[in-house]
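Asker: Take a look and give me a structure for this.
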Amino acid sequence: MLTAPLLAAAPGAHAAATGAPRAVIVQAASVDAAIRSVAAVGGTVDETLTIISGVSARVPAAGIAVLTAMPAVHVTPDAVLHPTSNSFDASAIDTQIAAIDPGASWSKSTGSGVGVALVDTGVANTTDLHAPRLVRSPDFSGEGDDIDHFGHGTFMAGLIAGDGAGGSGPVRHYGIAPGATLVSVKVANADGNSSVSRVIAGIGWVVSHRDEYNIGVLNLSFGLSTHLPYLANPLDAASEAAWASGITVVAATGNNGADGVTSPGDDPYVISVGSSNTAGTASTSDDTVPAWSGTESFRGFAKPDVVAPGVSLVSLRAPGSTVDVQHPEGRVDATYFRGTGTSMSTAVVSGAVAALLEHHGNATPDDVKGALLSGATTIAGGANAIDLAAADTAVAGRDWWQRFPVAFDGLDRGLHLGMPWTASRWTNETWTASRWTASRWTASRWTASRWTASRWTAEDWSASRWTASRWTASRWTAEAWTSQTWS
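Answerer: Residues are numbered from 1 along each chain as shown. Predicted coordinates:
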């Protein structure tokens, strides 16, 4: 996080700037242009971020002002993200599948053929998830082993695609899509530390490998607190790029309650998920929304889009991980752990999306979101609780395809109000039919992307605009996980 004001650029400044290096994300007309810009001010490039036509870099403090003054160059702080956590409890009621009404067709093979990308802390070696259903991407965390040493990612992976194989007691806990392929993209280390650029790099890898692993879902169980509009937020823009590429993005709204929704859950296109408390029953008649579940109204839309079970859920344990060691009271047994938060709800919805895509393989992300909203049940407080069976049989409506302004004046893809498929002719056929296979944006379309629209100014990215971020698993206790803050 850049905590000091950005300096005004000296007229005609071209020489290398001095000062302590700061971690930033630099975007330009192309990756090469960004690299040249960083070099011009004496900075060093850490990693290329093709999906946003930029790089992560370390730039002398005075050089940031020089970069900011360059035409078509955008500079943002590369915020450091790290969590803290609190206590755990071992009691559990496993209602996470029944509470979303999976329907009579649900089975241990649900989600087969669908890839779900999990950008998180990695996944531990576990009986419930292994090759070929578990794919490990290159490690973006710097640890180099693709294994979850923190414990968050393993928990999310189990909620999405755990197959119950590791259960030894009378109850085996399954993910929502136990037949799906889980593509683990590790971006955080054993302390949970990550950065905005690492997350964007992870999203970029997912888009580039979408076709290779048939990735139809991207799970983002984290949140970044910022007052910056989604149109000028690189994390939201990367999420929209994935959405435009045909990947349904599912993001947490955070655990700040009425204080607001975190990024990228604040983006109008993605499926933003809040938490519901099932009260330990499968019926939604007694469901409520916890006060800590993030909610916010924006101009033209409100978040969350849907809610899903997020209190006292049981999922896979990562033995020896940071969370496991610091909170032994959260262990259910040798295989399972327990936690609460919008992270968990997000993973539940990602599993539900995989189940839908098994039956509706040609659906656009807008179709998937429209089906979830059409099939949702209204619970206390007016929230939309997902109903998987109802979503699966929903009849497509013209309003399913979204028309919001696209980040950075259309991601340099000629978009304006809507995604690539919104230019297609809409018909009344049900969403089981193919409506968007020919025009799909493949990963290769992003290799030369240029975002040359509105500039991010130093004022936009001051410390007050980019504050704490958090893994959105709020509590790992009997009642709920306590705050896992990234700052």
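Asker: okay, now the closest residue to residue 239 other than its chain neighbours: neighbour count?
Answerer: Distance criterion C-beta to C-beta, 6 or more residues apart in numbering; nearest residue to residue 239, sequence neighbours excluded, is residue 264 at 4.2 Å. For the C-beta atoms, the positions are set from N, CA and C on the backbone; glycine is no exception. Residues near residue 264, counting by other C-beta atoms under 10 Å, number 29.
Asker: May I have the residues that are in contact with residue 264?
Answerer: 220, 223, 224, 230, 233, 235, 236, 238, 239, 249, 251, 270 (C-beta atoms under 8 Å, 6 or more residues apart in numbering).
Asker: top of these by neighbour count?
Answerer: Going by other C-beta under 10 Å, residue 251 tops those with 33 neighbours.
Asker: dump the residue contacts of it.
Answerer: 220, 223, 239, 264, 265, 267, 270, 271, 272, 273, 346 are the contacts of residue 251 under C-beta under 8 Å, 6+ apart.
Asker: Any chance of CSV for those, columns pLDDT?
Answerer: Shown next, in CSV, are the contacts of residue 251 (pLDDT from 0 to 100):
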residue, pLDDT
220, 96
223, 87
239, 96
264, 95
265, 95
267, 97
270, 98
271, 98
272, 98
273, 97
346, 96
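Asker: from the residues you listed, which is closest to residue 367?
Answerer: The nearest member of these to residue 367, counting by C-beta to C-beta, is residue 271 at 11.7 Å.
Asker: who's the closest one bridged to?
Answerer: Beta-bridge partners for residue 271, by DSSP bridges, are residue 250.
Asker: Would you check that it makes contact with residue 369?
Answerer: Yes. Using C-beta atoms under 8 Å, residue 271 and residue 369 qualify as a contacting pair, with a distance of 5.2 Å.
Asker: In strands only, show me the contacts of residue 264.
Answerer: Residues from these lying in strands, with DSSP state E as the criterion: 220, 223, 224, 249, 251.
Asker: okay if I get those residues as JSON lines plus distance to residue 53?
Answerer: Converted to JSON lines, the ones in strands among the contacts of residue 264 look like this (distance: C-beta to C-beta, whole Å):
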{"residue": "220", "distance to residue 53": "21"}
{"residue": "223", "distance to residue 53": "24"}
{"residue": "224", "distance to residue 53": "20"}
{"residue": "249", "distance to residue 53": "19"}
{"residue": "251", "distance to residue 53": "22"}
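Asker: Which pair of those residues spans the longest distance?
Answerer: 224 and 249 (14.6 Å).
Asker: for the stretch 151-300 of the chain, what spans make up the strands?
Answerer: Applying DSSP state E, counting those that start in this stretch to the stretch 151-300 of the chain gives strands spanning 181-186, 194-195, 215-220, 222-226, 248-252, 271-276, 296-298.
Asker: And for the stretch 351-487 of the chain?
Answerer: 377-378, 384-385, 466-471, 484-486.
Asker: circling back: which residues do residue 271 and residue 369 both contact?
Answerer: Contacts common to residue 271 and residue 369, judged by C-beta under 8 Å, 6+ apart, are 248, 305.
Asker: Skipping adjacent residues, who's closest to residue 260 in space?
Answerer: Nearest one to residue 260, counting by C-beta to C-beta, 6+ apart, is residue 296 at 4.7 Å.
Asker: Contact partners for that neighbour?
Answerer: Counting by C-beta under 8 Å, 6+ apart, residue 296 has contacts 253, 258, 260, 261, 266, 302, 303.
Asker: now, which of those residues sits nearest residue 65?
Answerer: Checking those one by one against residue 65 (C-beta to C-beta), the nearest turns out to be residue 266, at 28.6 Å.
Asker: wouldn't that closest one be in contact with residue 272 here?
Answerer: Yes. If you go by C-beta under 8 Å, residue 266 and residue 272 touch, sitting 7.3 Å apart.
Asker: need the contact list for residue 78.
Answerer: 23, 24, 25, 56, 195, 196, 197.
Asker: Neighbours of the last one, how many?
Answerer: Burial of residue 197, expressed as a neighbour count using other C-beta under 10 Å, amounts to 27.
Asker: repeat for the one 10 residues further on
Answerer: Residues near residue 207, counting by other C-beta under 10 Å, number 26.
Asker: which residues in the stretch 251-400 of the chain form helices?
Answerer: For the stretch 251-400 of the chain, the helices defined by DSSP state H, counting those that start in this stretch cover 322-326, 342-359, 365-375, 388-392.
Asker: how far off strand 222-226 does the second one point, in degrees?
Answerer: With axes from the mean of the first three to the mean of the last three C-alpha atoms, to 10 degrees as the criterion, the two stretches helix 342-359 and strand 222-226 enclose an angle of 120 degrees.
Asker: if we can go back for a sec, turn the contacts of residue 264 into a markdown table, including distance to residue 36.
Answerer: Conversion of the contacts of residue 264 to a markdown table gives the following (distance: C-beta to C-beta, whole Å):
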| residue | distance to residue 36 |
| --- | --- |
| 220 | 31 |
| 223 | 34 |
| 224 | 28 |
| 230 | 29 |
| 233 | 25 |
| 235 | 24 |
| 236 | 26 |
| 238 | 22 |
| 239 | 27 |
| 249 | 31 |
| 251 | 33 |
| 270 | 33 |
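Asker: Show me the shaky parts of the stretch 1-150 of the chain.
Answerer: Residue ranges of the stretch 1-150 of the chain with pLDDT under 70: 1-19, 81-94.
Asker: If we use 90, what do you get?
Answerer: 1-21, 52-53, 61, 71-72, 74, 76-96, 104-105, 130-131, 144, 146 (pLDDT under 90).
Asker: I'd guessed residue 406 sits against residue 241; true?
Answerer: No. Counting by C-beta under 8 Å, residue 406 stays clear of residue 241, with 9.7 Å between them.
Asker: Provide a list of residues in contact with residue 107.
Answerer: residue 179.
Asker: still on that earlier bit, from the contacts of residue 264, which is closest to residue 33?
Answerer: residue 238 (18.5 Å).
Asker: Would you confirm that the closest one contacts residue 50?
Answerer: No. The pair residue 238 / residue 50 is not scored as a contact, 10.5 Å apart, by C-beta under 8 Å.
Asker: what sits in contact with each of these two?
Answerer: With C-beta under 8 Å, 6+ apart, residue 238 and residue 50 have common neighbours residue 204.
Asker: Against residue 323, how distant is residue 201?
Answerer: Applying C-beta to C-beta, to the nearest Å, the value for residue 201 to residue 323 is 24 Å.
Asker: more neighbours, the two?
Answerer: It is residue 323, of residue 201 and residue 323, that has more neighbours when counted by other C-beta under 10 Å, with 28 against 25.
Asker: pretty sure the more buried one is touching residue 153, no?
Answerer: No. Residue 323 is not in contact with residue 153 according to C-beta under 8 Å; the separation is 10.4 Å.
Asker: Spatially nearest residue to residue 148, not counting backbone neighbours?
Answerer: residue 122 (3.8 Å).
Asker: tell me the phi and psi of the one you found?
Answerer: Here is the backbone geometry of residue 122 (degrees, to the nearest 10): phi 100, psi -180.
Asker: Name all residues that make contact with it.
Answerer: 136, 139, 141, 146-150, 153-154, 184, 186, 188.
Asker: now residue 415
Answerer: Applying C-beta under 8 Å, 6+ apart, the residues near residue 415 are 244, 406.
Asker: mind running it again at 10 Å?
Answerer: Residues near residue 415 by C-beta atoms under 10 Å, 6 or more residues apart in numbering: 240, 244, 405, 406, 407, 408, 409, 422, 423.
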